[in-house]
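Enquirer: Sequence first, then the predicted structure, then my questions.
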Amino acid sequence: MGSKIVVCRCEDVTRADLEHSVARGYRDIEEVKRYTGFGTGPCQGKECLAVVATALAEITGEDPSFIAPFTSRPPLAPTPIKLLARDPAAHRFPDDPAEPVAAASEEET
Amino acid sequence: MQPGNDSDDDDDAGPDASGEFRVPAALRGGAALPERAEVVIIGAGVVGLSIAYHLAKRGMTDVVVVDRGYLAEGASGRNGGGVRQQWSTEINIRLMQESVALCRRFAVELGVNVWFRQGGYLFLARSAKEIARLEKNIALQNRCGVSTRMLSPQEAGEVVPEIDLTGIVGAAYNPTDGILFPWPFLWGYARQAIALGVKVLTHTPVRALTAQKPGFTVETDRGSIQARRVINACGSWSPSIAKMLGVELPTWPIRHEICSSEPLKPFLRPMVSELSSGLYCSQSMRGEIVGGVTVPGHGSTHAMGSTLEFLATYSRRLVKLMPRLGDVKILRQWAGPYDCSPDGNPILGEPPGVRDFYLACGFVGHGFMMAPIVGKLYGDWLTGGERHEIFDRYTLGRFTDGSAAHHEKEDFNIG
Amino acid sequence: MEGQTIRAFTSESVAAALVASGERVLSRSLKYHRPRTFFCMEGHCGGCLARIDGVPNLRACQTPCTTGTTIEGQNAYPSPEIDLFGAVDFLFPRGMDHHTLMTGSSILNNLASKVVRQLSGLGKLPATESHELPAVQLERVDVCVIGGGPAGLAAATAAASSGASTLLVDDQLRLGGSLLADPRLGVAVADARVAAAMAAGVRALPRSTAIAFFPEDAPEDGGVLAVATPDHLVRVVARRWVWATGGYAVNLLFADNDRPGVLAARGVGRMLVQHGIAAGERICVVVGKGMDDYANALAEALRGARVDVTTTSADQVERARGRSWVTAVELTSRRRLDCDVVAVAAMPAPASEGPRQQGCRTVLDPARGGFRVIVDRDGRTSTPDVFACGDVCGYVGPMAAATVGARVGGAAAEEALALARELGPIATTAARRGA
């Protein structure tokens, strides 16, 4: 098996990939995220964000306190579509059927 | 990333709006700021970079592209990657045929994978009125040589078996429409433009733009540039740049939210869209279901935060249309601005009375798919080649000289 | 797995049951098809995703075992243990930039696109349709505490004790957080603190994840926190928020650090303390900076469970050895430490993305684990109404977290109750359906 230092297991991003990204000019953490794909998998950066940001500080020689985290996007954990479908905020279109979704607004105790 | 009192900073791009997290020098890409340039393009989105690349390819390499943020920070990095030829006006259909042809060659021409996949676009109708609208468009598209056809609900179900056909009365399907992965488009244009001599400067916001005789002074956070010509390709931020020269643009930003699911094995071939709700979704090259929906009732804004209202509306419509997606998990949601124009069409060329200042904005959320061809046509024109009719048709002047009324309105802007 | 029957206690997670039964590799990674399995045992990493009862990409470590649960591996052929696509990893020993792969000719590029499309994705579409959609619940409270570990339990107990209606949101199978992974504390301590919280009037939402704070939804209430329980969504509106989400288990950087069997030390501790399972017979504990106390306590406890334990400091580790499971750690001195599990004690990374959604300032502080939330002595963040305590503010460990949590919970309750005196109490703390 190829030997790799993995910084993001979800997307198979290695430390060498970070160096490659910086060498190609993608140095902002948001650019590095987009170029390497780190932090875009099922864990959404929980395991890798701090590791990558710290490595990025080392690679670029930048003071860590100047490195911002990437935008924290909802949802913070993978969320099934069906759990969200009856939220009262959902917009109703004219062709929406009355059932079964309308039951969401009924009072239950 | 632009500090100041803008309300359009990303949801949490830094700890506060005071500029504390200004990107340090070591993290800024790009070359040093030159003193002068033949062309300064403001906005390193897909439109600006496409123009830069095509100018350079035709020998005009004294070009500087400046952007206030990182590459792909704006709408170009936030869209769903759809590329379709199903439009309601002939000019857009023809332009998009050209764009599709360019997309097919992009990976090899620019040396970067954009994962362009022609899985088709399937527009679902739930009423006779929607059918009529699709039929009218299909007739026009067929005249232009686009192979769109009307499908029965059963035929639509054969294309996407996961669709619950209850209430579906028909669908328009063009198998040669497609999707791509947006970010590499920017990298490809930027990289090749830079290789040809163009300078691309990210994290370089424009503070002032003043007309000189001749040319312009472009003042940025990193110094100023004398430019003979300036191109405004700032998408929904274009009005603030135009205003620096006293030019009022009639465009306005609308937030469009979008989300992405966990990666799944390939099952969904086309981009699926439902006319009644503006729902759309496709499966990306990574296997994620990427999509959005219309959330009406919101005014003009540059806010790019995410809402539960969007997430719930999207989920509700998607699980109704494809019940097997109920247990699929959303991984990430974000938003980007549509640059809306009064007639649904872009604004190009020079504004009345201002020479050497060019507009490339007002793409109503579809600038990404238009950029390949618009950049090419701009490149032709500004290097002394053919001046395509779009530069006469889609002028800013059309809104004031009454000519807008003579052109067809584009009414097939989705999402 | 596939076709096998596994005995398990019903309180265990699927992952814990698999470990105990010797089943190990669950899937293959997206790009190089490297073997993947559990790592953090806390439902945060993406390691242990499997298809469970027809639903793809579920975290095995957060799925309780019930009789008849079906678990299938993902993204591998013929099986996660022996996956033919693992060849990709050999073909690109130094990795590859997929952005520029095969862009030389259009024929190759079209072929590459087709192959990549077929290789993409992790799990397959769910087996069944969803027609029954669960209703959404609304909660209004004085204080909402997110995280049921040492800091959160202390904060919630303090808030409820001072009379504030208090909701505790926790994403684990069992309340207690890092207490349940620390042999110095353990199940009895965790249970006692949970009991104290309940006695004080705290209401808990276990197995529930705060998925996002939405400031624009319900602006009249200052925004809403969406919480996903296993079967429905809860909208939480609170007068004060306390983030006590702790830190995520992360890995250390050495070659092949993703090899199955390289586990978070806290995951190894959790299996031992919470589930009574020794993760291996020969465990090598790799000690990262600032983690000596925890690593030593874990090593001692493992030895007490008759595990053969070696410890080494992180900066001496060169690589992990082994194919589908780790067999040794190789040091920079070329010495090999044979083992069947590597327990990586890296400083946990503050779980600060929730506070960041509320606009709280953070700073990257590698010596404290990552992006820590900046707070004052009473846990006030840069955002009004939002507090934070414990490891989310930079690693302090479970003892210190409990102390600061109590203080911060009290401060948050005090502000919430002052508001209650002004505006009137929250009408009801009982669950109310719909809106």
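Expert: Good, I have the coordinates.
Enquirer: Identify the residue nearest the geometric centre of chain A.
Expert: residue A:44 (3.4 Å; C-alpha atoms, centre = their mean).
Enquirer: got a list of what that residue touches?
Expert: Each residue near residue A:44 by C-beta atoms under 8 Å, 6 or more residues apart in numbering or on different chains is listed here: A:73, A:76, A:77, B:331, B:332, C:353. In this view, the C-beta of every residue, glycine as well, is placed from N, C-alpha and C.
Enquirer: ok, the fourth one - how many residues close by?
Expert: Translated: residue B:331. Residues lying near residue B:331 (other C-beta atoms under 10 Å in any protein chain shown) number 25.
Enquirer: For burial, what's the neighbour tally of residue C:184?
Expert: So residue C:184, with other C-beta under 10 Å, has 17 neighbours.
Enquirer: Which residue, other than its chain neighbours, is closest to residue B:224?
Expert: Take residue B:224 and drop its neighbours on the chain: the residue closest to it by C-beta to C-beta, 6 or more residues apart in numbering or on different chains is residue B:217, 5.5 Å away.
Enquirer: what is the rounded mean pLDDT of the helix or strand hosting the one you found?
Expert: Taking DSSP states H and E as the definition, residue B:217 sits inside strand B:216-220. Mean pLDDT, strand B:216-220: 97.
Enquirer: So residue C:324 sits against residue C:25, correct?
Expert: Yes. When contacts are counted by C-beta atoms under 8 Å, residue C:324 is listed as touching residue C:25 (5.3 Å).
Enquirer: Overlap in contacts, these two.
Expert: C:35, C:81, C:260.
Enquirer: Identify each of the helices in the chain and give its residue range.
Expert: Picked chain A for this. A:15-23, A:29-36, A:49-60, A:81-84 (DSSP state H).
Enquirer: Chain C was what I was after
Expert: C:14-21, C:87-91, C:106-119, C:150-161, C:186-200, C:265-275, C:292-304, C:353-357, C:398-423.
Enquirer: Ok, which of these comes nearest residue B:103?
Expert: helix C:106-119 (11.9 Å; C-beta to C-beta).
Enquirer: For the chain, which residues score under the pLDDT cut-off?
Expert: In the absence of a named chain, chain A is used. Chain A contains residues with pLDDT under 70 at A:1-2, A:97-109.
Enquirer: Switch to chain B, please.
Expert: Judged by pLDDT under 70, the stretches of chain B that qualify are B:1-31, B:404-407, B:415.
Enquirer: before we move on, back to that, need the shared contacts of residue C:324 and residue C:25 in a markdown table (columns: neighbour count, distance to residue A:29 and pLDDT).
Expert: Below are the shared contacts of residue C:324 and residue C:25 laid out as a markdown table (neighbours: other C-beta atoms under 10 Å in any protein chain shown; distance: C-beta to C-beta, whole Å; pLDDT from 0 to 100):
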| residue | neighbour count | distance to residue A:29 | pLDDT |
| --- | --- | --- | --- |
| C:35 | 26 | 29 | 95 |
| C:81 | 18 | 36 | 87 |
| C:260 | 24 | 29 | 96 |
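Enquirer: Show the contacting residues for residue B:194.
Expert: residue B:200.
Enquirer: now the residue nearest to the centre of chain A: how far from residue C:14?
Expert: 22 Å (C-beta to C-beta, to the nearest Å).
Enquirer: repeat for residue B:383
Expert: 63 Å.
Enquirer: Neighbour count: these two, which is higher?
Expert: Using other C-beta under 10 Å as the criterion, residue B:383 and residue C:14 rank with residue C:14 on top: 26 against 14.
Enquirer: Run a quick check on that one versus residue C:70, I expect a contact.
Expert: No. Residue C:14 is not in contact with residue C:70 according to C-beta under 8 Å; the separation is 10.3 Å.
Enquirer: related to what we said a few turns ago, contact partners for the residue nearest to residue B:224?
Expert: By C-beta under 8 Å, 6+ apart, the neighbours of residue B:217 are B:208, B:209, B:210, B:224, B:225, B:226, B:227.
Enquirer: Quickly list what it is bridged to.
Expert: Beta-bridge pairing for residue B:217 (DSSP bridges): residue B:210, residue B:226.
Enquirer: so what's residue 51 up against?
Expert: Here I'm looking at chain A. Counting by C-beta under 8 Å, 6+ apart, residue A:51 has contacts A:7, A:8, C:250, C:251, C:253, C:349, C:370.
Enquirer: other chain: chain C
Expert: C:57, C:58, C:71, C:72, C:73, C:74, C:123, C:124.
Enquirer: Let me have those residues in JSON lines, adding distance to residue B:141, pLDDT and neighbour count as columns.
Expert: Output for these, formatted as JSON lines (distance: C-beta to C-beta, whole Å; pLDDT from 0 to 100; neighbours: other C-beta atoms under 10 Å in any protein chain shown):
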{"residue": "C:57", "distance to residue B:141": "38", "pLDDT": "96", "neighbour count": "27"}
{"residue": "C:58", "distance to residue B:141": "43", "pLDDT": "96", "neighbour count": "23"}
{"residue": "C:71", "distance to residue B:141": "48", "pLDDT": "89", "neighbour count": "22"}
{"residue": "C:72", "distance to residue B:141": "44", "pLDDT": "90", "neighbour count": "19"}
{"residue": "C:73", "distance to residue B:141": "45", "pLDDT": "91", "neighbour count": "24"}
{"residue": "C:74", "distance to residue B:141": "40", "pLDDT": "94", "neighbour count": "20"}
{"residue": "C:123", "distance to residue B:141": "37", "pLDDT": "95", "neighbour count": "26"}
{"residue": "C:124", "distance to residue B:141": "35", "pLDDT": "97", "neighbour count": "17"}
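Enquirer: and those, which two are the farthest apart?
Expert: Counting by C-beta to C-beta, the most remote pair of the contacts of residue C:51 is C:71 and C:124, 14.2 Å apart.
Enquirer: Helices of chain B, start to end?
Expert: B:46-57, B:90-110, B:128-143, B:153-159, B:182-195, B:238-243, B:308-321, B:367-382, B:390-393.
Enquirer: out of these, which comes closest to residue C:98?
Expert: Nearest to residue C:98 among the helices of chain B is helix B:182-195; the distance by C-beta to C-beta comes to 9.7 Å.
Enquirer: buried sites along the closest one?
Expert: B:182-194 (16 or more other C-beta atoms under 10 Å in any protein chain shown).
Enquirer: Please report how far residue C:321 lies from chain A.
Expert: 10 Å (C-beta to the nearest C-beta, to the nearest Å).
Enquirer: Can you tell me, leaving aside adjacent residues, what's nearest to that residue?
Expert: residue C:328 (4.2 Å).
Enquirer: Can you measure across stretch B:289-309, start residue to end residue?
Expert: The stretch stretch B:289-309 measures 19 Å between its terminal residues, going by C-alpha to C-alpha, to the nearest Å.
Enquirer: does any part of that stretch sit near chain A?
Expert: Yes. Stretch B:289-309 lies within reach of chain A by C-beta under 8 Å from any C-beta of the partner chain, at B:293, B:294, B:295, B:296, B:297, B:306, B:307, B:308, B:309.
Enquirer: backbone phi and psi for the second one, please?
Expert: Note on residue B:294: its backbone torsions stand at phi -70, psi 130 [degrees, to the nearest 10].
Enquirer: Please determine how far it is located from chain C.
Expert: 17 Å.
Enquirer: That residue and residue B:280 touch, don't they?
Expert: No. The pair residue B:294 / residue B:280 is not scored as a contact, 9.4 Å apart, by C-beta under 8 Å.
Enquirer: Between the two, point out the one with more neighbours.
Expert: Remark: of residue B:294 and residue B:280, residue B:280 carries more neighbours, 25 against 20, as counted by other C-beta under 10 Å.
Enquirer: distance of residue C:192 from chain A?
Expert: From residue C:192 to chain A the distance is 28 Å (C-beta to the nearest C-beta).
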